[in-house]
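Engineer: What follows is a protein structure lacking sequence information:
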């Protein structure tokens with residue numbers, strides 16, 4: 001129902017545009033003039049069995065989709081939202097048009113990779129193929145380390161190894177700098193040998209999905225490439241010993257580190273770790289599993305639910321500050337006025353994974369409470385809007401609806417509400433990208449798995 005409402009508003013008010021403003025019903029920001037909301041919603045429409053809407057979107061893709069925007073776009077966002085959306089639509093529906101358009105986009109995105117360092121430029125002009133640095137002078141960990149699933153799937157389906165080779169090279173460059181240390185800062189040098197240029201370690205913005213992709217790259221190739229899981233386990237070991245805390249009030253959370261000092265701050269983005277830990281616990285080889293992961297996953301997911309539950313609006317802030325000495329009710333607050341709620345998916349994502357693997361009905365209840373808060377606070381005439389400050393009720397709307405709301409937030413909530421998520425999306429057959437786009441796992445024989453996967 002929520003997805004139908006948001007899609008209808010976009011269809012009527014901003015069709016073919018990247019984004020819609022849900023309060024005014026005007027087109028929103030330009031992300032590359034690729035009809036980004038259409039591409040990002042494809043897999044959700046398919047999973048929800050909204051075939052009429054899916055077909056309408058597919059028609060737009062075949063007739064109107066172009067990649068010739070003459071200004072710089074975010075390489076990372078276009079990869080995870082546009083390329084990921086097209087590839088997932090192909091994985092789910094099998095329709096060749098999606099792969100054809102994905103190859104067209106993939107060929108353009110390859111131009112962002114810097115031949116010397118192997119890292120992608122932050123921004124890319126889709127028309128000219130020119131790459132450039134963005135706001136940060138170096139390379140952002142999550143931007144270089146969260147495109148591999150998409151590029152590898154494109155290679156696997158097109159039988160052309162060049163896409164996977166570019167993504168994998170970037171990941172190996174990061175691991176060269178990581179050099180066995182497990183946790184890594186989010187800033188990398190944009191020239192010279194791979195090395196880190198700051199000391200900020202985070203599972204929130206700028207760091208987050210690098211860790212997610214190490215695990216998922218291993219599962220994407222049917223557990224055939226140990227280098228990725230070894231790096232992931234190193235990171236999890238260090239995360240458990242250095243960044244996981246539980247307040248006196250019982251809230252388990254993930255801190256950050258700056259200049260070797262602990263910062264008891266957690267982004268809403270970092271809630272994905274709850275899902276990642278139980279997913280890893282249940283999908284990798286049992287002898288590789290740390291028995292603490294699952295309990296930690298449950299604790300983090302509960303904290304993320306509390307981020308919503310404790311606010312007057314029942315929506316979560318963008319970032320929270322924790323007081324490890326605080327008793328219940330005094331152990332978590334909004335961090336530095338980051339009180340905005342941007343319709344983000346990470347808490348719903350963790351709740352989905354916990355429900356998928358445990359079946360505990362409390363997770364469905366939590367998802368229901370979050371959905372109710374979204375309906376009550378965020379619903380507008382044309383869609384759903386982000387909120388300025390979750391500490392106020394009634395809320396003030398920001399007139400923004402990011403494409404990830406349809407791509408991720410509503411998908412994860414829906415998958416938690418269906419009678420049996422496995423019958424709708426089986427995680428033994430699909431790996432879900434950081435933008436919640438399911439890609440089929442390469443089921444290959446034990447012998448020369450890697451060569452066959454890359455189409456060599």
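Structural biologist: Looks like it came in fine. What you see is a predicted model; the values in this text were computed from it and never measured.

Engineer: Not counting its neighbours along the chain, what's nearest residue 129?
Structural biologist: Ranked by C-beta to C-beta, 6 or more residues apart in numbering and with sequence neighbours excluded, the top spatial neighbour of residue 129 is residue 111, at 3.9 Å. Bear in mind the C-beta positions are built from the backbone N, C-alpha and C, glycine included.

Engineer: And residue 422, how far from residue 44?
Structural biologist: Per C-beta to C-beta, to the nearest Å, residue 422 is found 18 Å from residue 44.

Engineer: Where does pLDDT dip in the chain?
Structural biologist: For the chain, residues meeting the criterion pLDDT under 70 lie at 445-456.

Engineer: Distance check, the closest residue to residue 67 other than its chain neighbours against residue 283.
Structural biologist: Computed as C-beta to C-beta, 6+ apart, the closest residue to residue 67 that is not its neighbour in sequence is residue 126, at 4.8 Å. Remark: distance between residue 126 and residue 283 (C-beta to C-beta) = 35 Å.

Engineer: Please, where are all the strands along the stretch 251-400 of the chain?
Structural biologist: 252-254, 256-258, 261-263, 265-267, 319-322, 332-334 (DSSP state E, counting those that start in this stretch).

Engineer: can you tell which of those strands is closest to residue 356?
Structural biologist: Proximity of the strands of the stretch 251-400 of the chain to residue 356 was assessed by C-beta to C-beta; the nearest stretch is strand 252-254, lying at 20.0 Å.

Engineer: ok, residue 126 and residue 283, which is more surrounded?
Structural biologist: Using other C-beta atoms under 10 Å as the criterion, residue 126 and residue 283 rank with residue 126 on top: 25 against 18.

Engineer: Return the residues in contact with residue 401.
Structural biologist: By C-beta atoms under 8 Å, 6 or more residues apart in numbering, the contact list for residue 401 reads 6, 19, 20, 21, 22, 28, 343, 383, 384, 385, 386.

Engineer: The third one touches residue 36, doesn't it?
Structural biologist: No - taking contact to mean C-beta atoms under 8 Å, the distance of 10.6 Å between residue 20 and residue 36 leaves them out of contact.

Engineer: Would you mind confirming that residue 346 makes contact with residue 254?
Structural biologist: No - using C-beta under 8 Å, residue 346 is not in contact with residue 254, being 11.5 Å away.

Engineer: burial measure for residue 63, as a count.
Structural biologist: By other C-beta under 10 Å, neighbour count at residue 63 equals 8.

Engineer: That one and residue 360, how far apart?
Structural biologist: Residue 63 is 45 Å from residue 360, by C-beta to C-beta.

Engineer: same question, residue 367
Structural biologist: In terms of C-beta to C-beta, residue 367 sits 12 Å off from residue 360.

Engineer: what about those two, which has more around it?
Structural biologist: Using other C-beta under 10 Å, the more surrounded residue of residue 367 and residue 360 is residue 367, with 23 against 12.

Engineer: what ranges do the helices span in the stretch 201-350 of the chain?
Structural biologist: With helices called from DSSP state H, counting those that start in this stretch, the stretch 201-350 of the chain shows them at 208-220, 226-242, 272-283, 292-309, 346-358.

Engineer: so the shortest one versus helix 346-358, what angle?
Structural biologist: Between the axes of helix 272-283 and helix 346-358, defined by axes from the mean of the first three to the mean of the last three C-alpha atoms, to 10 degrees, the angle is 20 degrees.

Engineer: tell me which residues of helix 272-283 are tucked away?
Structural biologist: 272, 273, 274, 275, 276, 277, 278, 279, 280, 281, 282, 283 (16 or more other C-beta atoms under 10 Å).

Engineer: Can you list the helices and strands that that helix packs against?
Structural biologist: helix 208-220, helix 226-242, helix 292-309, helix 346-358 (3 or more C-beta pairs under 8 Å, 6 or more residues apart in numbering; DSSP states H and E).

Engineer: again, but for the fourth one
Structural biologist: Contact here means 3+ C-beta pairs under 8 Å, 6+ apart; on that basis helix 292-309 packs against helix 226-242, strand 252-254, helix 272-283, strand 332-334, helix 346-358, helix 361-378.

Engineer: coming back round to it: do you know which of the strands of the stretch 251-400 of the chain lies nearest residue 122?
Structural biologist: strand 265-267 (19.9 Å).

Engineer: Neighbouring strands of that closest one in the sheet, and parallel or not?
Structural biologist: Its sheet considered, strand 265-267 pairs with strand 319-322 (antiparallel) by DSSP bridges.

Engineer: For the partner strand, buried residues please.
Structural biologist: Within strand 319-322, the residues scored as buried using 16+ other C-beta under 10 Å are 319, 320, 321, 322.

Engineer: Which of those residues sits closest to residue 180?
Structural biologist: residue 322 (29.3 Å).

Engineer: can you list the buried residues of helix 272-283 in JSON lines and add distance to residue 136?
Structural biologist: As requested, those are arranged in JSON lines below (distance: C-beta to C-beta, whole Å):
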{"residue": "272", "distance to residue 136": "22"}
{"residue": "273", "distance to residue 136": "23"}
{"residue": "274", "distance to residue 136": "28"}
{"residue": "275", "distance to residue 136": "27"}
{"residue": "276", "distance to residue 136": "25"}
{"residue": "277", "distance to residue 136": "29"}
{"residue": "278", "distance to residue 136": "32"}
{"residue": "279", "distance to residue 136": "30"}
{"residue": "280", "distance to residue 136": "29"}
{"residue": "281", "distance to residue 136": "34"}
{"residue": "282", "distance to residue 136": "36"}
{"residue": "283", "distance to residue 136": "33"}
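
Engineer: Return the member of those nearest to residue 222.
Structural biologist: Distance to residue 222, by C-beta to C-beta, is smallest for residue 283 among these, at 10.8 Å.
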